[in-house]
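Participant: When you get a sec, could you give me coordinates for this:
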Amino acid sequence: MEFIKNLLRGVGMGIAEVIPGVSGGTMAVLMNMYDKLIDAISHLKKQFKSSISLLLPLLLGMALAILAFSHVITPLLQNYPMQVNFLFIGLVSGIIPMLFRHASKGGFKPLQTVSFFVMFMLMILMACFYSVTNTAVITTINAAASVRFALIGFLAAVCLILPGVSGSMIMVIFGIYASVMAAISRLDLLFLVPVAIGIVCGLIFGSKIIDYCLHHFPQATYFAILGLVSGSIISLVQRALLPESAGKVFTLPGAGGIVISVLLMAVGIGVSLLFTSDVLIRGKKQPQS
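Facilitator: Alright, predicted model coming up:
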């Protein structure tokens, strides 16, 4: 039963990673398993059996979701960009109370909030870079391109495990997202292997850094995560109102589309609050020291 649950969680994270601006790390926070995920990756050798029992179904679910939804997400984003992005705006917005609860444990320390503003501004800068991104599909690959793709995959994986920072957005910024999605659709292993190698290395390296920060600087780390998640909402709003299908020109759907978008955002907030309500309740019951 636990295998099936983790498989479905992996599917949720995989769907999130297909969409630029939505983070698999954010979905892990939403499903209240982010700390467990980081611990499993960073202590893979020491806790091999328990780590594999968590990571195997997650990775399998993510792979299935990416393979399946790489064909579905693109047309949805092209035809209903505002509705899809507003759903994810709601999902992301709904986890902010839980993150603030984590960040403010032990009392509110103003100096710790510096990490929030630094990461929030980083997300704004990333949104600016996205607006000038090249989306041409690359169909041939050589040795130099393989190294470049591996490095971008490494960076994307580090960002993948950061809530709020989308690994797929990193690929968008560096101009390989459309190429990777096309390669997944046609199962081009020659194209995908360098990216996969970079992603594996990035996951191992990034998880160790985050695990260290969570254990030694928990409040500052959670404020940083809060900044990343809050800033990612700006990126999602940008993608909703400046969709590629409209040539990145400000656009709004009809009245019906706007109403549906707002309703989907409300649904997203409700789902997030439902998933994270137990964390908030436990936090209220525990007195802060």
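Participant: and Q112, how far is that from A178?
Facilitator: Separation of Q112 from A178 (C-beta to C-beta, to the nearest Å): 39 Å. The way it works is simple: take the backbone N, C-alpha and C, and place the C-beta from them, glycine included.
Participant: G12 too?
Facilitator: Applying C-beta to C-beta, the value for G12 to A178 is 23 Å.
Participant: same question, I152
Facilitator: Noted for I152: a distance of 13 Å to A178, by C-beta to C-beta.
Participant: neighbour-wise, which of the two wins?
Facilitator: Neighbours per residue, other C-beta atoms under 10 Å: of I152 and A178, the larger number sits with I152, 24 against 18.
Participant: so the closest residue to H43 other than its chain neighbours is in which element?
Facilitator: Using C-beta to C-beta, 6 or more residues apart in numbering and skipping residues adjacent in sequence, the residue nearest H43 is S51, 6.4 Å away. Counting by DSSP states H and E, the element that carries S51 is helix 48-69.
Participant: what residues does that helix touch?
Facilitator: Helix 48-69 is contacted by residues 2-4, 6-15, 17-18, 24, 36-37, 40-41, 43-44, 184 when judged by C-beta atoms under 8 Å, 6 or more residues apart in numbering.
Participant: would you list every one of the strands in the stretch 1-150 of the chain?
Facilitator: Using DSSP state E, counting those that start in this stretch, the stretch 1-150 of the chain contains no strands.
Participant: Give the residue spans of the stretch 151-289 of the chain that score low on pLDDT.
Facilitator: For the stretch 151-289 of the chain, applying pLDDT under 70 flags the ranges 164-166, 169, 172-173, 243-253, 276-289.
Participant: go again using 90 as the cut-off
Facilitator: Counting by pLDDT under 90, the stretch 151-289 of the chain contains low-confidence ranges at 151-153, 155-192, 199-200, 202-259, 261, 268-289.
Participant: quick one, helices of it?
Facilitator: Remark: helices assigned in the stretch 151-289 of the chain by DSSP state H, counting those that start in this stretch are 167-173, 177-185, 189-216, 218-241, 255-285.
Participant: L122 is nearest to which of those?
Facilitator: For L122, the closest of the helices of the stretch 151-289 of the chain is helix 218-241, at 6.9 Å, according to C-beta to C-beta.
Participant: Can you point out the buried residues in that closest one?
Facilitator: Buried residues in helix 218-241, counted by 16 or more other C-beta atoms under 10 Å: 219-241.
Participant: tell me what that helix is packed against?
Facilitator: With contacts defined as 3 or more C-beta pairs under 8 Å, 6 or more residues apart in numbering; DSSP states H and E, the packing partners of helix 218-241 are helix 24-30, helix 81-93, helix 96-103, helix 114-130, helix 189-216.
Participant: Count the residues that sit near A266.
Facilitator: A count of neighbours around A266, defined by other C-beta under 10 Å, yields 14.
Participant: mind starting the numbering at 3 from now?
Facilitator: All set: I'll call the first residue 3, so the last point we hit is now A268.
Participant: Distance check, it against V195.
Facilitator: Counting by C-beta to C-beta, the gap from A268 to V195 is 42 Å.
Participant: Ok, Y214 next?
Facilitator: When distance is defined by C-beta to C-beta, Y214 is 30 Å away from V195.
Participant: quick revisit: can I get the buried part of the contacts of helix 50-71 as one ChimeraX selection?
Facilitator: Buried members of those, defined by 16+ other C-beta under 10 Å, are picked up in ChimeraX with:
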select :8,9,11,12,13,14,15,16,17,19,20,26,39,42,43,46,186
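Participant: Take the contacts of helix 50-71 and keep only those in helices.
Facilitator: Among the contacts of helix 50-71, the members falling in helices (DSSP state H) are 4-6, 8-17, 19-20, 26, 38-39, 42-43, 186.
Participant: Contact partners for C203?
Facilitator: Going by C-beta under 8 Å, 6+ apart, C203 touches F156, A159.
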